[in-house]
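Engineer: got a sequence here, can you model it:
(one chain, ligands or ions: 2)
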Amino acid sequence: MKKSAFITNKKIDNRATIAISGSKSESNRALILRSISNGLVDIKNLSDANDTQVLQSCLSKIELHKKKEVLKLNVGPAGTAMRFLTAFLAFQEGEFEISGSERMHERPIKILVEALNSLGADIKYLGTNGYPPLRINGTKIQKTAEININGNVSSQYISALLLIAPALPLGLKLNIEGKLTSKPYVNMTLNMLNSCGIEYTWIENQIIIVPQIFKHSQLFIEPDWSSASYWYSIVANSDNLDLFLSGFKKDSLQGDQKIVEIMKNLGVETKYTSSGINLSRCKSPERELIYDFIECPDLAQTVAVCCALLGKNLKMKGLETLKIKETDRIKALKMELSKINVTLNENGGLYELNTQNIQYPDKVSIKTYDDHRMAMAFAPLALKINRLEIEDMDVIGKSYPNFWNDLSKIGIQLTQ
Ligand SMILES: O=C(O)C1=C[C@@H](OP(=O)(O)O)[C@@H](O)[C@H](O)C1
Ligand SMILES: C=C(OP(=O)(O)O)C(=O)O
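Structural biologist: Ligands and ions are numbered 1, 2, ... in the order given. The predicted model follows:
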């Protein structure tokens, strides 16, 4: 049964401290690295996200698996778990079936499957061609090290391959074709491999990793910048809220740290301290707002809704991959923004958010489309209307299970 959250109290406190859990992206890489290195990698501050828990539980099942039976795994809605496990299992001994949520079976995986199969893997589709669920007959035999891969659909396919590369008998020479989307996530993967003692070269569009041994290492997972983005939007839309987000540092592997720069233009100042960041309101310059989300797609919903609530028009680029995420995020944004009379229209790849006729009804009910980011991006709307309903409150568990609890720390009252 899906439960709704009702937010009725918009009188919020002036000050609060929020402790956000470890990054889901870093955590899911760390888990694969720990397994592929046979436990040489120690992890600190792992994320409490459902997507991380599901990957951790699949990896435990793989470890305990008796090779004679087919091991059936289900990753639910976790994209990184599906992509990283597909590559991981392709070169493990055993037979596996990997499935996910209904939506996961609509999210493409052909580019990764074809890349793995040309390396020598044996992966077949159990349903629609090009989509999960998959049947993987694991092998230890690699045919070639060099493959071409299209980079403009999802960077997760590339990260999945890089994570297993040092343990492949022939290593990996990856030629990326097309414009690479979500590039900071590939950098994150390479940086984390490097922290585990793995060397790589990345020259122009070619990444090379030769077979290598992992070293004993410890990975400390930083807090999640994508989760922090919702707090920026709340500060931007409040009169006078100072927030301390603990654990965030100036140097981050996460491309979504870009929120700091974006929010400076939307009236939120960030001050780094030795134990975290202080967010406070600042004057925002009057200028045309145009942002490209190709390197930080998970921020698009936060920024769109934040601008809508501030009554600022916004031009958005680089949204091509949003259609294949937890839901078609463009369609979902359009539908839900229309409830406050804000429009989002495309013109040759450029999306224009128009807030000219914004209207706040007394009550609004937001649909979440099985997308955690829809729920959290629209939460700040509670600061503008009397009663906000977020349909399916548990959806946030995918990346930020503590979100509603944390909201109560600024005095926002939630009923179910
Ligand atoms: O590698 C990762 O951890 C992720 C990469 C991005 O996906 P795409 O590369 O598909 O854009 C991002 O949207 C997702 O939330 C996490
Ligand atoms: C797109 C996301 O995750 P994934 O692709 O890993 O399901 C996300 O967390 O916004």
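
Engineer: which parts of this structure sit against ligand 1?
Structural biologist: 25, 80, 154, 155, 156, 159, 181, 182, 185, 297, 298, 321 (CB under 6 Å from any ligand atom). No exception for glycine: its C-beta is placed from N, CA and C like everyone else's.

Engineer: counting neighbours, what do you get for the third one?
Structural biologist: Spelled out, it's residue 154. The burial count assigned to residue 154 is 25, neighbours taken as other CB atoms under 10 Å.

Engineer: what ranges does the stretch 151-300 of the chain have for its helices?
Structural biologist: Using DSSP state H, counting those that start in this stretch, the helices assigned to the stretch 151-300 of the chain run over residues 155-164, 183-195, 225-236, 259-264, 300-310.

Engineer: from the contact counts, what lies against the first one?
Structural biologist: Other elements packing on helix 155-164 under the criterion 3 or more CB pairs under 8 Å, 6 or more residues apart in numbering; DSSP states H and E are helix 24-36, helix 79-90, helix 110-119, strand 146-150, strand 172-177, helix 183-195, strand 206-209.

Engineer: now for residue 236, how many residues are close by?
Structural biologist: With other CB under 10 Å as criterion, residue 236 counts 26.

Engineer: for residue 255, which non-adjacent residue is closest in space?
Structural biologist: residue 184 (2.6 Å; CB to CB, 6 or more residues apart in numbering).

Engineer: dump the residue contacts of that neighbour.
Structural biologist: Contact analysis of residue 184 by CB atoms under 8 Å, 6 or more residues apart in numbering lists 253, 254, 255, 256, 295, 296.

Engineer: mind redoing it with 7 Å?
Structural biologist: Applying CB atoms under 7 Å, 6 or more residues apart in numbering to residue 184 gives the contacts 254, 255, 295.

Engineer: tell me, what's the model's pLDDT at it?
Structural biologist: pLDDT for residue 184: 98.

Engineer: go on, residue 11?
Structural biologist: 72.

Engineer: of the contacts of residue 184, buried ones?
Structural biologist: Neighbour counting with 16 or more other CB atoms under 10 Å marks 254, 255, 295 as buried within the contacts of residue 184.

Engineer: state the distance from the second one to ligand 2.
Structural biologist: It refers to residue 255. To ligand 2, residue 255 is 12 Å away according to CB to the nearest ligand atom, to the nearest Å.

Engineer: could you do the first one as well?
Structural biologist: The gap separating residue 254 from ligand 2 is 12 Å, by CB to the nearest ligand atom.

Engineer: quick check: that residue touching residue 228?
Structural biologist: No: counting by CB atoms under 7 Å, residue 254 stays clear of residue 228, with 9.4 Å between them.

Engineer: so which of the helices and strands packed on helix 155-164 comes closest to residue 401?
Structural biologist: helix 24-36 (10.7 Å; CB to CB).

Engineer: just checking, what packs against the helix or strand following the closest one?
Structural biologist: Using DSSP states H and E, the helix or strand that follows helix 24-36 in sequence is strand 41-44. If you count contacts as 3 or more CB pairs under 7 Å, 6 or more residues apart in numbering; DSSP states H and E, strand 41-44 packs onto helix 24-36, strand 217-220.

Engineer: skipping adjacent residues, who's closest to residue 247 in space?
Structural biologist: Spatial nearest neighbour of residue 247, excluding adjacent residues (CB to CB, 6+ apart): residue 223 at 4.4 Å.

Engineer: tell me the pLDDT at that neighbour?
Structural biologist: For residue 223, the pLDDT comes out at 98.

Engineer: ok, residue 125 - contacts?
Structural biologist: Residue 125 is in contact with 131, 134, counting by CB under 7 Å, 6+ apart.

Engineer: what's the distance between it and residue 246?
Structural biologist: As for residue 125, its distance to residue 246 is 44 Å (criterion: CB to CB, to the nearest Å).

Engineer: was I right about residue 315 contacting residue 287?
Structural biologist: No: in this structure, residue 315 is not within contact of residue 287 by CB under 7 Å, at 11.7 Å.
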